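Visitor: For reference, the sequence and a predicted model appear below.
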Amino acid sequence: MLSFKAGTGSIGKNIAIFNLVRYRCADRPNPFGEVKSQKSKVKIVLHAIENRYRYADRPNPLTPFPMRGGGKIQSLSPFRREVKIVTHPIENRYKLPSKLSTSLTCVLLLLTTACSQGETKSAQSIQGINTNSAVAVSNNISTLRIGYVGSVEPTGPLGWAKKKGILNRELQKAGFKNITFARFPNGPDLNEALVAGQLDVGSLGDTPAIVLRARGVETRLLRITQFNTTAWLVAKKNGPRSLAELKGEKIATQKGSYMHRYLLGLLAEAKIAKDVKVVHLMTTEAKAALERGDVAAYATSSDLGPFLKSQGFPVIDSSANHQGLSGTSLVVATESFLAKQPDFPQKFNAILTEATKDLKANSEEYYQYHAQITKYPVDIIKVSFPLKQVSEEPLPAEGVKLLEGTKNFLVSQNLAKSNFKLTDWVVNKQQR
């Protein structure tokens, strides 16, 4: 473990970006050992694994980590002086800052080399993004760069359009020679790539998309691909069985997600928000955490919820029992991209509408595909992805109403920095 003093010289100011290394603030326990605090220190910890750790040293977990000041990493909490950095050797997605000091460059080169030599055993677990799914760094407009949250391949209408060849066929007609896909574990990460100009289009949940727009980042809403997506509150075995029994307990969820918004809304409705502790935990770690009893309950996604139920974990609640607490899945695009491709929304929506119709006409084939991608049984997928939640229209009225409610809630809770009109966010009607 190497330590450097934080906030002094170039090391305290220019650590954010480096070739083949991506940095994260990490101030929470992880399966590879707890990252412990040291006052006024910067710790650099190497993990040759899939990019899965997230920063926790920030006051608002729903705000995606910005590349502040051209790539400066700093402590985001006013109560802490230390900044801890976790490096992840993944696809080179960011350029080296011009002001990065020579000494720091040497240090990071050594760290990168040490990681590649010392973590070869773990390197096989890096899923990364294959050649056809890399984030395109070229500004060539003939390349369309799509990011999505989820499994090794996208699901829903976007995934089906890709699987059936509809996407490639129609976009090539529109002049795109290359279509790249980048997978992200959650919406805040995808937001980072949009902010950094590494993506043109993003498929993600409503909460991170709204939070990004509320920060003033210039995106436009193209489509609602799914609405009334259910979130579940699942308890540990032999644990609480009701919301009242959660008082004084620790509840986990993937912060920045629609499940997080559901949990906050649920706790507010039950008037126990001040009586529980909400912590961040990725969905990939939820089952193990519940089994160990690390948390009393977990607010989870539409597919993991019924799967955990089938494994004997008791369900305390679901968003289906409440008005306005379910989620929506969205497709957004950057305004800079749309300025160059003003007819893209209409063409892209036509592709997704065709894919949705084909998906519904061949539902059994689709469910088999979805199950294969996510590794959940088909019966779980049918519960988590009912076809009535997938509209052939770009902006179904029920989905728009739900999205408006989510936006208003996030603003009221100060989780979205500013309010805005959905009509100002949606692409012009003539473009749809």
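Guide: Okay, I see it. Numbers count the residues shown, from 1 in each chain.
Visitor: Give me the pLDDT for S142.
Guide: The per-residue pLDDT reported for S142 equals 88.
Visitor: now it: how far from K401?
Guide: From S142 over to K401 the distance is 38 Å, taken as C-beta to C-beta, to the nearest Å. For every residue, glycine as well, the C-beta is placed using N, CA and C.
Visitor: In terms of neighbours, single out the busier of the two.
Guide: Shown here are S142 and K401; by other C-beta atoms under 10 Å, K401 has more neighbours (14 against 10).
Visitor: Now that one: phi and psi?
Guide: For K401, the backbone dihedrals (degrees, to the nearest 10) come out as phi -60, psi -40.
Visitor: G399 versus F184, what's the distance?
Guide: To G399, F184 is 22 Å away according to C-beta to C-beta.
Visitor: what bits of this protein have low per-residue confidence?
Guide: Segments of the chain classed as low confidence (criterion: pLDDT under 70) are 1-140, 429-432.
Visitor: Which other helices and strands does whichever strand in it runs longest contact?
Guide: The strand of greatest length in the chain, counted in residues with DSSP state E as the criterion, is given as strand 219-229. In this structure, strand 219-229 makes packing contacts with helix 156-163, strand 201-205, helix 206-214, strand 327-334, helix 335-340, helix 344-361, helix 397-412, helix 422-425, judged by 3 or more C-beta pairs under 8 Å, 6 or more residues apart in numbering; DSSP states H and E.
Visitor: Between strand 219-229 and the longest one, find me the angle.
Guide: By that I understand helix 344-361. Between the axis of helix 344-361 and that of strand 219-229 there is an angle of 20 degrees, by axes from the mean of the first three to the mean of the last three C-alpha atoms, to 10 degrees.
Visitor: who are the neighbours in contact with L212?
Guide: When contacts are counted by C-beta atoms under 8 Å, 6 or more residues apart in numbering, L212 touches 64, 191, 194-195, 219.
Visitor: which of the residues you listed tops the neighbour count?
Guide: N191 (29 neighbours).
Visitor: Is it correct that it is in contact with P208?
Guide: Yes - counting by C-beta atoms under 8 Å, a contact exists between N191 and P208, whose distance comes to 5.5 Å.
Visitor: before we move on, the earlier item: inside helices: which ones of the contacts of L212?
Guide: 191, 194-195 (DSSP state H).
Visitor: Which of the residues you listed sits closest to S412?
Guide: For the ones in helices among the contacts of L212, the minimum distance to S412 (C-beta to C-beta) is 21.0 Å, reached by N191.
Visitor: measure the closest one to T207 for me?
Guide: From N191 to T207 the distance is 11 Å (C-beta to C-beta).
Visitor: Please apply the same query to H260.
Guide: Separation of H260 from T207 (C-beta to C-beta): 7 Å.
Visitor: Comparing these two, which shows the higher neighbour count?
Guide: With other C-beta under 10 Å as the criterion, H260 and T207 differ in neighbour count, and T207 comes out ahead with 29 against 25.
Visitor: wait, the more buried one sits on N186?
Guide: No - if you go by C-beta under 8 Å, T207 and N186 don't touch, sitting 10.1 Å apart.
Visitor: who touches both of these two?
Guide: Taking C-beta under 8 Å, 6+ apart as the contact criterion, the common neighbours of T207 and N186 are 256-257.
Visitor: Contacts for stretch 146-155 next, please.
Guide: If you take C-beta under 8 Å, 6+ apart as the criterion, stretch 146-155 is touched by 127, 135, 158-159, 162-163, 179-187, 190, 193-194, 198-205, 369-370, 373-375, 385.
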